[in-house]
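Chemist: here is my input, please return the structure:
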Amino acid sequence: MDNIELMRPKDIPANVWQKCLTEDDWKFSQIQGDEWGQCLRRELYREKIQAENGGSFPSEIRYVPTNMEHRRFILKMNGAKPGEGILEWIKRQGKKPAGTYCLPDSLSYLAQRKNERWKRLPKAEVMDRSLWLSMDWHTLYREWGDGVEYAGTHLPFPPIMDDNGETEIVPMKIPWWWRDDEITAAFIQWLKNNRPVGEAGDDRRAMPEQAARPNPQRWKGARDDHTPNRKRFFQIHCGNGI
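Modeler: The predicted structure follows:
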């Protein structure tokens, strides 16, 4: 279920649905076991865009960027401004958008699969999560240069946080002569020692480690009785924040 947490499901209001649900919106009993991940991503996406559009699905044409455009935008290359959309950022660079324009697709996962007559799904590509940890010197200097300079001259070291207040910029050494498993073990220990958990004197927001998500294959309860099962579906897969 790669990239589900990037949708920030706990930020989606519980009452995002402002209209009656159809059977295809909540009757998940027809979903095959190996499709739970795609189904969850699709339904989270639908709830997210409703939450961002006042409880209804948008009807205007939207821009779908290429993978390279998305990667560069995420890495804040060429100085993307806070709150700036990817299309605005591309045009401000004087570049021609290379993606596509399309009408938003608001079909439920079940309705979409029925329209496709349950054709075989292509094997999903595994998301390269290292993208969200990558950093280069130019971006560091451009976005957080002042913070680095201040932190280098003050004690105790003040944290350098990204715009969302949940991502910290930290210096890191990697001893490449160590084995990968040794580096991994050392980083796990570093996380245990440095994760913000609300200790006194720590200016960072408390961000304790979240509990592991349950295996969707283990949930075999009633899924097609009534509308509240949609809420139960997201509670099972995303925690009680939904």
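Chemist: does Y63 sit in a helix, a strand or a coil?
Modeler: Following DSSP: H, G, I helix; E, B strand; the rest coil, we place Y63 in the strand state.
Chemist: hey, what's it bridged with?
Modeler: Counting by DSSP bridges, Y63 is bridged to Y101.
Chemist: what's the local residue count around it?
Modeler: Neighbourhood size, Y63 [other Cβ atoms under 10 Å]: 15. C-beta coordinates here come from the backbone N, C-alpha and C atoms, glycine included.
Chemist: equivalent analysis for Q30, please.
Modeler: Per other Cβ under 10 Å, the neighbour tally for Q30 reads 13.
Chemist: what residues are up against the closest residue to V197 other than its chain neighbours?
Modeler: Spatially, and ignoring its direct neighbours in sequence, V197 is nearest to P208 (5.2 Å; Cβ to Cβ, 6 or more residues apart in numbering). Contact analysis of P208 by Cβ atoms under 8 Å, 6 or more residues apart in numbering lists 195, 197-198.
Chemist: narrow those to those that are buried.
Modeler: Among the contacts of P208, none scores as buried (criterion: 16 or more other Cβ atoms under 10 Å).
Chemist: which one among those gets closest to G54?
Modeler: G54 has its nearest neighbour among the contacts of P208 in G198, at 34.1 Å by Cβ to Cβ.
Chemist: quick check, pLDDT for the closest residue to that closest one other than its chain neighbours.
Modeler: Distances taken as Cβ to Cβ, 6+ apart put A206 closest to G198, at 3.4 Å, once the chain neighbours are dropped. Note on A206: pLDDT of 89.
Chemist: from D128, how far off is Q189?
Modeler: 25 Å (Cβ to Cβ, to the nearest Å).
Chemist: same list (the contacts of P208) but as JSON lines, adding secondary structure and distance to Y45.
Modeler: Output for the contacts of P208, formatted as JSON lines (DSSP: H, G, I helix; E, B strand; the rest coil; distance: Cβ to Cβ, whole Å):
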{"residue": "R195", "secondary structure": "coil", "distance to Y45": "29"}
{"residue": "V197", "secondary structure": "coil", "distance to Y45": "31"}
{"residue": "G198", "secondary structure": "coil", "distance to Y45": "32"}
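Chemist: nearest to T167, of the residues you listed?
Modeler: Nearest to T167 among these is R195, at 12.8 Å by Cβ to Cβ.
Chemist: what sits against that closest one?
Modeler: Contacts for R195 (Cβ under 8 Å, 6+ apart) come out as 207-209.
Chemist: count of residues packed around A211?
Modeler: For A211, the neighbour count with other Cβ under 10 Å is 7.
Chemist: same check, this time on E69
Modeler: Residues lying near E69 (other Cβ under 10 Å) number 19.
Chemist: equivalent analysis for the one 4 residues further on, please.
Modeler: When counting by other Cβ under 10 Å, one arrives at 18 neighbours for F73.
Chemist: what strand or helix carries it?
Modeler: Using DSSP states H and E, F73 sits within helix 67-74.
Chemist: check which helices and strands that helix sits against.
Modeler: helix 86-92 (3 or more Cβ pairs under 8 Å, 6 or more residues apart in numbering; DSSP states H and E).
Chemist: tell me the buried residues in the helix it packs on?
Modeler: 86-87, 89-90.
Chemist: so what touches the helix holding F73?
Modeler: When contacts are defined by Cβ under 8 Å, 6+ apart, helix 67-74 is touched by residues 65, 78, 80, 86, 89-90, 97-99, 131-132.
Chemist: got the domain ranges for the chain?
Modeler: The chain breaks down by automatic domain parsing into domains covering 5-129, 137-194.
Chemist: winner for burial among those domains?
Modeler: With neighbours taken as mean count of other Cβ atoms under 10 Å, those reach their highest mean count in domain 5-129, at a mean of 14.
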